[in-house]
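Colleague: Requesting a structural model of the entry that follows:
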Amino acid sequence: MTSATAPAGPFNITVQPSGRSFTAETGEAILQAAIRQGVGMPYGCKDGACGSCKCKKLEGTVVHGPHQTKALSPEEEAAGYILTCCGVPQTDVLLESRQVTDESAFPIRKMPSRVLALEKKSPDVMLVRLQLPANDTMRYHAGQYVEFILRDGARRSYSMANAPHMLLKDEAGVAPAAGVELHIRHMPGGKFTDHVFTAMKEKEILRVEGPFGSFFLREDSAKPIVLLASGTGFAPIKAVIEHMQFKGITRPATLYWGGRRPSDLYLDDWVRQQLALMPNLQYVPVISNALPEDNWTGRTGFVHKAVMDDLPDMSGYQVYACGAPIVVDSARSEFSAQCKLPPDEFYADAFTTEADKHVG
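Modeller: You can find the predicted model right below:
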């Protein structure tokens, strides 16, 4: 929809039960308007592919741009649900989204970054450390992500794998040498990840923008936590664990980390070190395609099924899930339908690739 054909805005968008409100300009998607005005609505891919931004429309008219039916089915749309990432208001709109809180979002900024270090953690996972400008400190919630802006304007999203307190400057105003940590999986043929694994060098300059995303720990709850990760979906979960340790959060938490082979659990040693420091943290690694030479004796199968086996009743839990869309989507639907998890206690960040975004 173009501004030439759209009804004239601005339109008022109100989100219940928080009462947060903001305005959307003519032809502007609801999510873009929320981000622009610092209202923290849930979202993931921003491309109509993952469904993380889905919420109930109580009043008003919204027209959708292109999106995938797995993100919003015709039945859901008929029932009044919308995707805010591609939903353009035609009138004032009243929405329901229990994930919207009064906590203001951190400002989104573009900045240059310098590659500090590259460390291969497995055959297809690179740990990349970025140095941000010395006069700048990016403020973000543990679990959020940044986007690389490539030379042709394309973007690639990666979660920050360390907690924000690890980037704070000391009393002398010096930023720590660790920098922002990212975990990048090689997607063969991928324009950006091919470069990371074959040509990227230390001191290379990259443009980033952030922080983005609504995946972060809700600290106003005392419920026990399930941390569900597949592959490099562990990156934002790692940041959340570091944040919990730093803040002294002692809610019981269990990390379920799934991979095809044991090497996919590329920071298994790090997790086991945290167990000694955090008595309320438990760890369940799950492997789906172990080979005989792996000598794997732990849990096997799909990682979200392991959670369901251990916790048939999740009515009193919060779940934070991150990783491949099929894992996140399966967990979201099955935890709610079969294990009594309240839908508004499932927080997710699906790692949607460029290929995922173009699947019908």
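
Colleague: so where's the stretch 51-200 of the chain uncertain?
Modeller: Of all residues in the stretch 51-200 of the chain, those with pLDDT under 70 make up the ranges 99-105, 135-136, 169-177.

Colleague: hey, where'd the strands end up in it?
Modeller: 54-59, 62-64, 81-83, 87-89, 93-96, 109-122, 125-131, 145-149, 155-159, 180-185 (DSSP state E, counting those that start in this stretch).

Colleague: Can you lay out the ones you listed as TSV showing distance to P312?
Modeller: Bear in mind the C-beta positions are built from the backbone N, C-alpha and C, glycine included. Formatted as TSV, these follow (distance: least, CB to CB, whole Å):
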stretch	distance to P312
strand 54-59	26
strand 62-64	37
strand 81-83	28
strand 87-89	36
strand 93-96	29
strand 109-122	33
strand 125-131	33
strand 145-149	32
strand 155-159	30
strand 180-185	32
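
Colleague: And those strands: which comes nearest N289?
Modeller: With CB to CB as the criterion, N289 lies closest to strand 109-122 of those, at 14.6 Å.

Colleague: and the closest one with strand 180-185, angle?
Modeller: 50 degrees (axes from the mean of the first three to the mean of the last three CA atoms, to 10 degrees).

Colleague: Would you give the sheet partners of strand 109-122, along with the direction of each?
Modeller: Its sheet considered, strand 109-122 pairs with strand 125-131 (antiparallel), strand 205-212 (antiparallel) by DSSP bridges.

Colleague: Turn the ones you listed into CSV, including distance to A71 and mean neighbour count.
Modeller: Formatted as CSV, those follow (distance: least, CB to CB, whole Å; neighbours: other CB atoms under 10 Å):
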stretch, distance to A71, mean neighbour count
strand 125-131, 27, 20
strand 205-212, 17, 18
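
Colleague: Let's have those strands in JSON lines, adding distance to P112.
Modeller: Listed next are these as JSON lines, based on distance: least, CB to CB, whole Å:
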{"stretch": "strand 125-131", "distance to P112": "10"}
{"stretch": "strand 205-212", "distance to P112": "6"}
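
Colleague: Mark out where each domain of the protein begins and ends.
Modeller: Domains of the chain are assigned by automatic domain parsing as 11-96, 109-212, 225-357.

Colleague: so can I have CSV of those showing distance to E219?
Modeller: Output for the domains of the chain, formatted as CSV (distance: least, CB to CB, whole Å):
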stretch, distance to E219
domain 11-96, 14
domain 109-212, 10
domain 225-357, 7
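
Colleague: picking up where we left off before, ok, and which of the strands of the stretch 51-200 of the chain has the densest surroundings?
Modeller: Highest mean neighbour count among the strands of the stretch 51-200 of the chain (mean count of other CB atoms under 10 Å): strand 87-89, with a mean of 27.

Colleague: Check which helices and strands that strand is in contact with.
Modeller: On a contact count with 3 or more CB pairs under 8 Å, 6 or more residues apart in numbering; DSSP states H and E, strand 87-89 meets helix 30-36, strand 62-64.

Colleague: Select from those the stretch with the lowest mean pLDDT.
Modeller: Among the helices and strands packed on strand 87-89, helix 30-36 carries the lowest mean pLDDT, a mean of 89.

Colleague: Would you mind listing the buried residues in it?
Modeller: By 16 or more other CB atoms under 10 Å, the buried positions in helix 30-36 come out as I30, L31, Q32, A33, A34, I35.

Colleague: nearest to Y43, of those residues?
Modeller: The shortest gap between Y43 and any of these belongs to L31, at 5.5 Å (CB to CB).

Colleague: Please report how far that closest one lies from C53.
Modeller: 6 Å (CB to CB, to the nearest Å).

Colleague: what's the burial count for the residue lying closest to I249 once chain neighbours are set aside?
Modeller: Among residues not flanking I249 along the chain, E219 sits closest, at 6.9 Å (CB to CB, 6 or more residues apart in numbering). By other CB atoms under 10 Å, the residues close to E219 number 13.

Colleague: pLDDT wise, what is E219 at?
Modeller: Looking at E219, its pLDDT reads 90.

Colleague: Work out for me the element it sits within.
Modeller: Under DSSP states H and E, no helix or strand contains E219.

Colleague: Do I have it right that it meets R251?
Modeller: No: under the criterion of CB atoms under 8 Å, E219 makes no contact with R251, lying 9.2 Å away.

Colleague: what residues are shared contacts of the two?
Modeller: Residues touching both E219 and R251 (CB atoms under 8 Å, 6 or more residues apart in numbering): none.

Colleague: which other helices and strands contact the helix or strand containing Q273?
Modeller: Q273 is located in helix 268-277, with elements delineated by DSSP H and E. Contacts defined by 3+ CB pairs under 8 Å, 6+ apart place helix 268-277 against helix 234-247, strand 253-259, strand 281-287.

Colleague: Go through the longest one and flag the buried ones.
Modeller: Going back to what we said before, that points to helix 234-247. Neighbour counts using 16+ other CB under 10 Å place F234, A235, P236, I237, K238, A239, V240, I241, E242, H243, M244, Q245 of helix 234-247 among the buried residues.
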